[in-house]
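Trainee: can you look at this prediction? I've put the sequence above it.
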Amino acid sequence: MYAAINGTRIYYDVDGAGVSVEGGEVRHKPVIFILHGGPGGCHLNFKPYLDELTKTAQLVYVDQRGCGYSDPDDPEKYTLDQNVEDVEALRQHLGVERIWILGHSYGGMVAMSYAIRHQEHTAGLILAATSPSHNFLEKAKQHVKEHGNAEQMAVADVLWEGKFESQEQLQEYYRVMAPMYSTKTAKTESLQETPANRPAVKRNYEALNKGFGDFLLRFDVREELKSLKVLTLIIAGRHDWITHYTESEEMHRLIPGSELQIMEHSSHNLFADDTSGTNELMADFLAKHA
C-alpha cells in the first residue's frame with residue numbers, strides 16, 4: 001500500500017489484526033512501525049522473522065523514502081530528518097494517535113530521533129542493533145581491520161566513503177560481508193539456505209551513500225536521550241560488527257528506565273540469528289508495557 005505524503009509515495013505493509021477478541025473481551029493491540037536499516041534497505045529484510053509478533057501487535061512495515069517499494073526521489077532528500085518527518089506524516093495518514101517503533105540499525109537511529117522530536121506520539125521504542133552516535137563507525141572500521149579478509153576490507157572501504165555506484169555493487173557488498181552480518185551465515189560452509197541467500201531485496205545505494213558519506217558522520221543524539229521519557233527495549237547482538245554491543249550499553253545508560261538484552265549468539269542480523277529468542281523478548285516486553 002502507498003501513502004502520498006510529504007511530496008512522495010511511501011510504501012507500507014500492514015501485518016496482523018489491530019483488534020482481537022480474547023476470553024470474551026476486545027483487546028486493542030499496540031501498533032508498531034517497523035523501520036529498516038541501511039540507509040537504503042527494505043522492509044522485506046524483516047520477513048518472515050517477525051511473523052510471530054503479530055500475535056501481540058499490529059505491524060506496519062515501512063519502506064523509507066526512496067527505499068524498497070517507495071517511490072524514488074531526489075538523493076538530497078534521503079536524510080534522517082526527512083525520514084523522521086515521513087514517519088510522522090505516515091502516523092497521521094493512518095490515524096494512529098501513539099505508535100510504537102521497532103528500529104533496526106539505521107532504523108533505530110530514525111526511531112530515536114522521532115521519539116525525541118515527537119515524544120507525545122511515541123508509545124514506546126524497540127531499538128535493535130543500533131547506536132546513539134557516529135562513534136559506531138570507528139569501532140566497525142577497527143573490527144574489519146582486525147577480523148576481515150582482503151575482499152571484506154575492500155568493500156567496506158566503499159561503504160565508509162559512501163561511494164557505491166550501483167545496486168549490483170551494493171548487493172555484492174552484502175554478499176561479501178554476509179558472514180559478518182550473521183552468525184548463522186558465518187557458521188555455514190555453504191551459503192545455500194542461509195540468510196545471505198534469501199531473495200535479493202531492492203536496495204537504494206544513493207540513500208546509503210548519503211548516510212555514510214554525509215549525515216551519519218555527524219549523527220549524535222546522546223544528550224537528548226537523557227531526557228527521553230519513553231518505554232524502551234534495547235536489543236543487541238554480542239557479535240555485532242557494525243553497531244558494537246557497547247553502543248547499546250551506552251543507550252541503556254542514557255535512556256531512563258530502559259531495558260537491555262544482549263543476544264549472546266547473534267550478530268547484526270539478530271532477528272535472523274535468533275528468531276524465537278528475539279520474538280519472545282519483544283512479546284514479553286509488550287505484554288508488560290503496551
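Mentor: Nice, I can see it.
Trainee: and the strand or helix carrying residue 109, what's its mean pLDDT?
Mentor: Taking DSSP states H and E as the criterion, residue 109 maps to helix 106-117. For helix 106-117, the mean per-residue pLDDT is 98.
Trainee: what comes into contact with it?
Mentor: With CB atoms under 8 Å, 6 or more residues apart in numbering as the test, helix 106-117 has contacts from 34-39, 41, 64, 80-81, 83-84, 87-88, 101-103, 122, 125, 127-132, 211, 216, 219, 221, 224-225, 228, 230, 251. C-beta coordinates here come from the backbone N, C-alpha and C atoms, glycine included.
Trainee: and those, which of them are buried?
Mentor: 34-39, 41, 64, 80, 83-84, 87-88, 101-103, 122, 125, 127-132, 211, 216, 219, 221, 225, 228, 230, 251 (16 or more other CB atoms under 10 Å).
Trainee: flag the shaky bits of the protein, pLDDT-wise.
Mentor: 188-199 (pLDDT under 70).
Trainee: that one - how does it break down into domains?
Mentor: Listed domain ranges for the chain are 2-135+219-289, 138-208 (source: automatic domain parsing).
Trainee: which of those domains is buried the deepest?
Mentor: The highest mean neighbour count among these, using mean count of other CB atoms under 10 Å, belongs to domain 2-135+219-289: a mean of 20.
Trainee: how far out from the middle of the chain is that one?
Mentor: 6 Å (CA atoms, centre = their mean, to the nearest Å).
Trainee: which residue is nearest the centroid of this structure?
Mentor: residue 104 (1.9 Å; CA atoms, centre = their mean).
Trainee: list phi and psi for it.
Mentor: Reported as degrees, to the nearest 10, the phi and psi values for residue 104 are phi -110, psi 130.
Trainee: about what we covered before: partner strands of the following helix or strand past the helix holding residue 109, parallel or antiparallel?
Mentor: Later in the chain than helix 106-117, the nearest helix or strand by DSSP H and E is strand 122-128. Its sheet considered, strand 122-128 pairs with strand 99-104 (parallel), strand 231-237 (parallel) by DSSP bridges.
Trainee: how many degrees apart are the last one and helix 106-117 in direction?
Mentor: With axes from the mean of the first three to the mean of the last three CA atoms, to 10 degrees as the criterion, the two stretches strand 231-237 and helix 106-117 enclose an angle of 160 degrees.
Trainee: against residue 237, how distant is the nearest residue to residue 96 once chain neighbours are set aside?
Mentor: Using CB to CB, 6 or more residues apart in numbering and skipping residues adjacent in sequence, the residue nearest residue 96 is residue 31, 5.1 Å away. To residue 237, residue 31 is 26 Å away according to CB to CB, to the nearest Å.
Trainee: so which of the buried ones among the contacts of helix 106-117 belong to strands?
Mentor: With DSSP state E as the criterion, strands contain 34, 35, 101, 102, 103, 122, 125, 127, 128 from among the buried ones among the contacts of helix 106-117.
Trainee: contacting residues around the fourth one?
Mentor: Spelled out, that is residue 102. 32, 33, 34, 35, 50, 111, 125, 126, 128, 282.
Trainee: ok now do residue 221, which residues does it touch?
Mentor: By CB under 8 Å, 6+ apart, the contact list for residue 221 reads 109, 112, 113, 116, 132, 133.
Trainee: same deal with residue 86?
Mentor: Listed by CB under 8 Å, 6+ apart, the contact partners of residue 86 are 5, 6, 8, 10, 64, 65.
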